[in-house]
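Enquirer: Give me the fold of what follows.
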Amino acid sequence: MKSKKLSQIIIKNFKNNGFVLSEPDVILDSDYIIERSGEKFRSSILTFEREDGKTMCLRPDLTVASCIGFLQKKIPSKIYYSGQAYRRSSIKGSTFINDQLGIEILGSKNQTQDDFKVINTILNSVKKIKGKKIQIKVGDISLFKNLINALDMPERWKLRLIRHFWRPRYFEELLKRLEKNTDIDSVTFDADKRRFYEMKKIDQDKIIAGRSVLEILKRFDKKIKDPRSFSNGKKIVRIIKSFLKINCKLSELDRKLFEFAKKNNIKKNIFKNLKSIQNLKNINQNVNFIANFGRDIEYYTGIVFQVFSGKNEIARGGRYDDLLKSLGAKKNIPAVGAAINLKNI
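Expert: Numbering: from 1, shown residues only. Predicted coordinates for the structure are as follows:
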């Protein structure tokens with residue numbers, strides 16, 4: 001009963017902020033999800049077989065389900081939802097049912113404005129039911145990508161570090177290899193070349209693991225042509241680790257980034273996409289910026305945030321401009337969203 005009353009308060013706030021109810025499909029085409037989503041969903045989805053032999057799955061995430069509905073023209077672009085997502089978890093004792101009450105802006109027209117709209121709506125909803133002792137952690141995946149692309153290292157290393165940023169353990173292994181200047185061996189390199197020429201014979205528009213064959217070939221081509229010798233790995237790793245240690249109040253962020261850029265001889269304009277984060281000064285709330293934050297959801301591309309009350313995570317969300325394309329859109333469609341965890345309220 002308490003949960004129902006809290007949901008009603010939150011939903012009322014969602015409606016007052018212009019969000020429209022959406023009820024994403026519970027049952028999805030498993031092959032579609034497996035072919036187009038990242039490996040985290042592939043390992044966590046709960047599947048079953050229909051009478052006709054087709055493999056289906058329970059929706060693993062309401063954001064993903066909403067994106068599919070949006071692409072199929074079933075839902076509007078500014079929505080709220082209340083429902084359950086179903087997926088396996090590696091955390092011992094955790095349930096496979098996740099209650100989600102959230103909002104999404106699909107086809108976001110103004111990044112700064114829409115990022116703020118989502119965060120402020122979620123924060124105000126939490127305040128209505130929790131009141132005090134609310135904190136916000138925020139990061140921005142795009143700042144990490146900008147830094148990596150600005151560093152002087154082979155393209156193949158940039159691709160690896162960006163692609164595997166959401167996998168902290170493997171990412172650390174990559175940094176160790178980069179620091180010691182140990183690269184892939186000649187056998188692996190020759191295998192890449194063979195796969196490259198084999199894939200050139202495949203339909204270029206075919207989707208494999210969320211990317212078209214043409215996109216994969218472009219990445220293979222960069223790896224093959226990239227120079228194999230590289231001697232500045234230790235310096236590059238030091239810069240990356242230094243950036244990921246940035247943890248400060250939002251009011252100190254400009255100074256911290258300026259000092260970091262100056263110390264490492266990096267152009268300050270690589271951190272130009274800070275409008276969404278700096279706009280959070282307008283919410284009059286305790287906000288911490290953490291550079292090493294928001295890596296556990298692989299589809300985030302920009303601002304990421306979590307709302308806490310004490311030690312409990314109440315809500316989380318972020319920007320995901322690449323997800324709709326990986327789910328079948330012809331091009332990237334800007335999007336941002338967040339969800340409240342009722343179990344922790």
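
Enquirer: Which residues are in contact with the closest residue to residue 168 other than its chain neighbours?
Expert: Leaving aside its sequence neighbours, residue 168 sits nearest to residue 295 (C-beta to C-beta, 6 or more residues apart in numbering; 6.0 Å). Where C-beta positions appear, they are placed from N, C-alpha and C, glycine not excepted. The neighbours of residue 295, taking C-beta atoms under 8 Å, 6 or more residues apart in numbering as the test, are 141, 165-168, 171.

Enquirer: now the strands for the protein?
Expert: With strands called from DSSP state E, the chain shows them at 20-21, 27-29, 47-49, 55-58, 78-86, 97-106, 134-140, 207-208, 211-212, 247-249, 287-290, 303-309, 312-319, 335-340.

Enquirer: Out of those strands, which is closest to residue 268?
Expert: strand 134-140 (15.3 Å; C-beta to C-beta).

Enquirer: List the strands paired with that closest one, with their directions.
Expert: Strands that pair with strand 134-140, judged by DSSP bridges, come out as strand 287-290 (parallel), strand 303-309 (antiparallel).

Enquirer: could you dump the last one to CSV, C-alpha only?
Expert: Only the C-alpha atoms of strand 303-309 are listed here, as CSV (Å, rounded to 0.1, in the frame of the first residue of the first chain):
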residue,chain,number,x,y,z
ILE,A,303,25.9,12.8,-18.6
VAL,A,304,25.2,10.0,-16.0
PHE,A,305,23.8,10.5,-12.5
GLN,A,306,22.7,8.8,-9.3
VAL,A,307,20.5,10.2,-6.5
PHE,A,308,21.1,9.0,-3.0
SER,A,309,19.4,9.2,0.3
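
Enquirer: most centrally placed residue in the protein?
Expert: residue 300 (1.5 Å; C-alpha atoms, centre = their mean).

Enquirer: got the domain boundaries for the chain?
Expert: The chain breaks down by automatic domain parsing into domains covering 2-143+248-344, 154-241.

Enquirer: what about residue 10, distance to residue 282?
Expert: For residue 10, the distance to residue 282 equals 22 Å [C-beta to C-beta, to the nearest Å].

Enquirer: More neighbours: those two, which one.
Expert: Neighbour tally, residue 10 and residue 282, criterion other C-beta atoms under 10 Å: the higher count belongs to residue 10, 26 against 9.

Enquirer: if I pick the more buried one, what's in contact with it?
Expert: By C-beta under 8 Å, 6+ apart, the contact list for residue 10 reads 101, 125, 128-129, 340.

Enquirer: Centre of the chain to stretch 251-263, how far?
Expert: Centroid separation for stretch 251-263 versus its chain: 24 Å, with C-alpha atoms, centre = their mean, to the nearest Å.

Enquirer: Revised request: answer the last question for stretch 77-89.
Expert: Chain-centre distance of stretch 77-89: 16 Å, with C-alpha atoms, centre = their mean.

Enquirer: Pull the residues that contact that stretch.
Expert: So stretch 77-89 is in contact with 7, 11, 14-15, 18-24, 26, 41, 43-46, 58-62, 65-66, 70, 95-107, going by C-beta under 8 Å, 6+ apart.

Enquirer: Which ChimeraX command selects the buried ones in those residues?
Expert: Entered in ChimeraX, the line below selects the buried ones among those, by 16 or more other C-beta atoms under 10 Å:
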select :7,11,14,19,22,24,41,44,45,58,59,60,61,62,65,66,70,98,99,100,101,102,103,104,105,106
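
Enquirer: how about low-confidence regions in this protein?
Expert: By pLDDT under 70, the low-scoring segments of the chain are 1-2, 35-41, 90-94, 131-132, 182-193, 209-210, 222-231.

Enquirer: what about the helices in it?
Expert: 2-16, 30-36, 39-44, 62-71, 111-130, 141-150, 155-163, 168-179, 186-199, 213-225, 233-244, 253-263, 275-278, 323-326 (DSSP state H).

Enquirer: Minimum distance to residue 309: which of those has it?
Expert: helix 111-130 (4.9 Å).

Enquirer: Can you name every helix or strand that the closest one contacts?
Expert: helix 2-16, strand 97-106, strand 134-140, helix 275-278, strand 303-309, strand 312-319, strand 335-340 (3 or more C-beta pairs under 8 Å, 6 or more residues apart in numbering; DSSP states H and E).
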